[in-house]
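**Q** Can you look at this prediction? I've put the sequence above it.
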Amino acid sequence: MLREELPKIITDKVPGPKAAEILKRRDAAVPKALCGTTYPVVIERGSGAVLEDADGNHFLDFIGGVGVLNIGYSNEEVIEAVKAQSEKYFHTIFNIVTHPGYVELAEKLNRLMPVRGAHPKTYFANSGAECDENAIKVARAFTKRPNIICFSGAFHGRTSLTMALTAKKSYSRGMGPFPAGIYRAEYPNLYRAPKGYSEEEAIAYYIDAFKNILIEATPVSDVAAVLMEPIEGEGGFVPAPIGYVKEIRKICDENGILLIADEVQCGNCRTGRFYASEYWKDAGCAPDIITTAKSLGAGLPISAITADEKIMDAVTPGTVGGTFCGNPLSCAAACKTLEIYERDDYAGKAALIGKKIMQFYKELLATYDVVGDVRGLGAMAGIEFVKDRRTKEPYPEFVRSMIAKAVQKGLLIENAGTYDNVIRFLAPLCITDNQLKAGFGIFEDCIRETLKELR
Ligand SMILES: Cc1ncc(COP(=O)(O)O)c(C=O)c1O
């Protein structure tokens, strides 16, 4: 069964001849901006954490569609749910014809999302960028204020507004002008805090920096919301310390500002809780609005925005929604996916996998001085590579070389981080122990070979 398979490359190199032929057609038919050269991989079928390519090679996937495949490729129950829905109807536009799947999914998320308030409400969009844009619309409608504070290292998407919110400028080069009213605070990155600072000192430093934004960049009375990832994804898998979030929550409460948690990448059981904001809620700093997407629909496009009715019902009719938002096939997939996450305790699986990966990463940290830091939350784990542990100079060439080597050995890994020097772990949570071990073996081989090559 493909789902149990270990990585296996049967062609002389990747891509094999069939994949190479499709990649050639891709390069002729698709804009260059979407045709990287890092992953010469063409899928034939996928199951669990494994995909088979056009030439019969088996790849173990530690990327999982960048956090979309927490449930794995081709979950049979999700396939059946989508099939059953497809035989009834594909589409209704929700503001004209209500479909029960939309209502059922909203009810489920209202129960699961750890937002503040007694009566949460949810509506849907199609992508991560769209749900983040919508959260901002909701915050502006409720507070009647224009400005948003986001963070260094943040990624929120590629629409005009979300490019403005996204920190790294390689995602928005040449695409301006961008919407106004966006201000950026420093994300509380403990590894890259000023030298010698303890966690407590670093948090105090980052809070001071945040308060300065309210003095020097925007009047506090103009701020509608603070938008934050509980653990930054593209920014390098950096968890926000709870002590920092508590202080931000306090500042928000004192000033009538909403706190939005972007759980597009970290939501849906990845961090060892159903939503990472549960950690915030436990500490008394639950967000007002949560957005999620990616692994919500097991690969079908759907995203969600959840907030208490007091906030949600401030939105003027006509200003939110869209033709495909809350599509019946996506809702059917998401309802079944959430049911499986709960029934089979995917959050528990993530916590367990997280322990194993962190133990492995810590061994790497103890063995190889190119490893600067290891960190994460549950099964959302990152390992940061540096040229020098003292200066912490990023080592993106090392990561690039590892990724290329891993593909040739049948393991898919991806970079992250402002400096492209972090490798992220987002494998499907149904990965088997044997697969995890095999992946770790390849990962370490790639470190050893890259050390020989670059040092
Ligand atoms: C935290 C976060 N927010 C928003 C987005 C944008 O999602 P999408 O690519 O579906 O628009 C991403 C995508 O990686 C993300 O990681």
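**A** The structure has been received and is ready for your questions.
**Q** Dead centre of the protein: give me the residue that sits there.
**A** Central residue of the chain (C-alpha atoms, centre = their mean): Q265, 1.8 Å from the mean position.
**Q** So out of everything in the chain, what residue is nearest the ligand?
**A** Residue nearest to the ligand within the chain: G128 (2.1 Å; C-beta to the nearest ligand atom). Quick note: C-beta positions are derived from backbone N, CA and C, even for glycine.
**Q** Contacts only, for that residue.
**A** G128 makes contacts with H156, G157, D262, V264, Q265, T291, A293, K294, S303, as judged by C-beta atoms under 8 Å, 6 or more residues apart in numbering.
**Q** where does the fifth one fall, phi/psi-wise?
**A** Dihedral angles phi and psi of Q265 (degrees, to the nearest 10) take the values phi -90, psi -40.
**Q** Hmm, it is touching T292, no?
**A** No: under the criterion of C-beta atoms under 8 Å, Q265 is not in contact with T292, lying 9.0 Å apart.
**Q** what touches both of those two?
**A** Counting by C-beta under 8 Å, 6+ apart, nothing touches both Q265 and T292.
**Q** coming back round to it: report the two of the contacts of G128 separated the most.
**A** H156 and K294 (12.9 Å; C-beta to C-beta).
**Q** Between these two, which contacts overlap?
**A** In contact with both H156 and K294: G128, V264, using C-beta under 8 Å, 6+ apart.
**Q** and the closest residue to I93 other than its chain neighbours, what element?
**A** Nearest non-adjacent residue to I93, counting by C-beta to C-beta, 6 or more residues apart in numbering: T323, 6.0 Å away. Assignment of secondary structure by DSSP states H and E places T323 within no helix or strand.
**Q** what's the pLDDT at T323?
**A** Model confidence at T323, given as pLDDT, is 97.
**Q** Quick check: the gap between it and E130.
**A** 12 Å (C-beta to C-beta, to the nearest Å).
**Q** Which of those two has more residues huddled nearby?
**A** Ranked by neighbour count (other C-beta atoms under 10 Å), T323 and E130 place E130 first, with 22 against 10.
**Q** For my notes, confirm that one occurs in a helix.
**A** Yes: per DSSP: H, G, I helix; E, B strand; the rest coil, E130 lies within a helix segment.
**Q** count of residues packed around S221?
**A** S221: 12 neighbours (other C-beta under 10 Å).
**Q** and it, that's in a strand?
**A** No: looking at S221 with three-state DSSP, it is helix, so not inside a strand.
**Q** What separation is there between it and I251?
**A** Following C-beta to C-beta, the distance that separates S221 from I251 is 13 Å.
**Q** G372 too?
**A** From G372 to I251 the distance is 31 Å (C-beta to C-beta).
**Q** okay, the two: which has more neighbours?
**A** Neighbour tally, G372 and I251, criterion other C-beta under 10 Å: the higher count belongs to G372, 23 against 18.
**Q** The more buried one against T391, yeah?
**A** No: contact criterion C-beta under 8 Å: G372 and T391 do not qualify, at 9.8 Å.
**Q** picking up where we left off before, so which of the contacts of G128 comes closest to M1?
**A** Nearest member of those to M1, counting by C-beta to C-beta, is K294, at 25.9 Å.
**Q** what pLDDT does the closest one get?
**A** If you check K294, the pLDDT there is 98.
**Q** Was I right to think K392 contacts R192?
**A** Yes: counting by C-beta under 8 Å, R192 is a contact partner of K392 at 6.8 Å.
**Q** between these two, who's got more neighbours?
**A** Neighbour totals were compared for K392 and R192, and R192 leads with 21 against 17 (other C-beta under 10 Å).
**Q** Check the more buried one and give its pLDDT.
**A** pLDDT, read off for R192, is 96.
**Q** Now tell me what touches stretch 246-262 from outside.
**A** Against stretch 246-262 from outside (C-beta under 8 Å, 6+ apart): 128, 132, 135-136, 139, 142-143, 154, 156, 203, 207, 210-211, 214, 220-221, 223-230, 275-277, 280, 283-285, 287-291, 311.
**Q** State the mean pLDDT of that stretch.
**A** Mean pLDDT, stretch 246-262: 98.
**Q** How about stretch 108-120?
**A** 98.
**Q** for stretch 393-411, same thing?
**A** Rounded mean pLDDT across stretch 393-411 is 98.
**Q** Any buried residues in that stretch, and which?
**A** Residues 394-395, 398-399, 401-407, 409-411 are the ones in stretch 393-411 that count as buried (16 or more other C-beta atoms under 10 Å).
**Q** ok, which pair from the residues you listed is furthest apart?
**A** Maximum distance among the buried residues of stretch 393-411 (C-beta to C-beta): 27.2 Å, for P394 and G410.
**Q** before we move on, which element is A304 in?
**A** strand 303-308.
**Q** Let me see the domain layout of the protein.
**A** 2-61+346-454, 79-343 (automatic domain parsing).
**Q** How much space separates E229 from L105?
**A** Taking C-beta to C-beta, one finds E229 at 23 Å from L105.
**Q** repeat for K83
**A** 18 Å.
**Q** neighbour-wise, which of those two wins?
**A** L105 (25 against 11).
**Q** Wait, a helix at that one?
**A** Yes: counting by three-state DSSP, L105 is part of a helix.
**Q** How many neighbouring residues does the nearest residue to it once chain neighbours are set aside have?
**A** Excluding its sequence neighbours, the residue lying closest to L105 (C-beta to C-beta, 6+ apart) is C331, at 4.8 Å. Number of residues near C331 (other C-beta under 10 Å) recorded here: 25.
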